[in-house]
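> I need the structure of the sequence given here:
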Amino acid sequence: MDKQSFKLSSLLILIVIATIFLIQNTQVVQINLLFWNLSMSTAIMVVMLLVIGILIGWFLKGYLVHKKRKETE
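Next comes the predicted model:
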């Protein structure tokens with residue numbers, strides 16, 4: 001199996017797993033944060049937290065790379 005087809009099969013497997021996850025986690029959960037109350041499905045909450053985590057990691061990596069580059073100058 002070449003690299004391209006391996007990537008494609010891995011992506012398809014991840015899409016199938018994500019679809020199954022979304023279909024099975026439709027229960028509504030309530031989130032209370034200080035003065036805000038939100039109701040959303042478990043799947044949406046998990047995806048939203050995943051995206052927030054990815055964004056935090058991306059910004060943190062950018063900050064650290066910028067800081068290291070500044071120190072070496």
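
> where do the strands sit along the protein?
For the chain, the strands defined by DSSP state E cover 28-33, 36-41.

> Those strands: which one's closest to residue 17?
Closest to residue 17 of the strands of the chain, according to Cβ to Cβ: strand 36-41, at 17.3 Å. Any C-beta I mention is one placed from the backbone N, CA and C, and that applies to glycine too.

> Name the residues that touch the closest one?
With contacts defined as Cβ atoms under 8 Å, 6 or more residues apart in numbering, strand 36-41 is touched by 25, 26, 27, 28, 29, 30, 31, 48.

> Would you mind giving those as TSV with distance to residue 63 added?
Shown next, in TSV, are these (distance: Cβ to Cβ, whole Å):
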residue	distance to residue 63
25	33
26	37
27	37
28	36
29	32
30	34
31	28
48	23
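
> Please list only the buried members of those.
Among these, not one is classed as buried by 16 or more other Cβ atoms under 10 Å.

> Distance to residue 6 and pLDDT for the residues you listed - can I get that in JSON lines?
Output for the contacts of strand 36-41, formatted as JSON lines (distance: Cβ to Cβ, whole Å; pLDDT from 0 to 100):
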{"residue": "25", "distance to residue 6": "28", "pLDDT": "84"}
{"residue": "26", "distance to residue 6": "32", "pLDDT": "84"}
{"residue": "27", "distance to residue 6": "35", "pLDDT": "90"}
{"residue": "28", "distance to residue 6": "38", "pLDDT": "91"}
{"residue": "29", "distance to residue 6": "36", "pLDDT": "90"}
{"residue": "30", "distance to residue 6": "42", "pLDDT": "91"}
{"residue": "31", "distance to residue 6": "38", "pLDDT": "87"}
{"residue": "48", "distance to residue 6": "30", "pLDDT": "89"}
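
> ok, back up a step: can you tell me which of the strands of the chain is nearest to residue 70?
With distances scored as Cβ to Cβ, the stretch of those nearest to residue 70 is strand 28-33 (35.2 Å).
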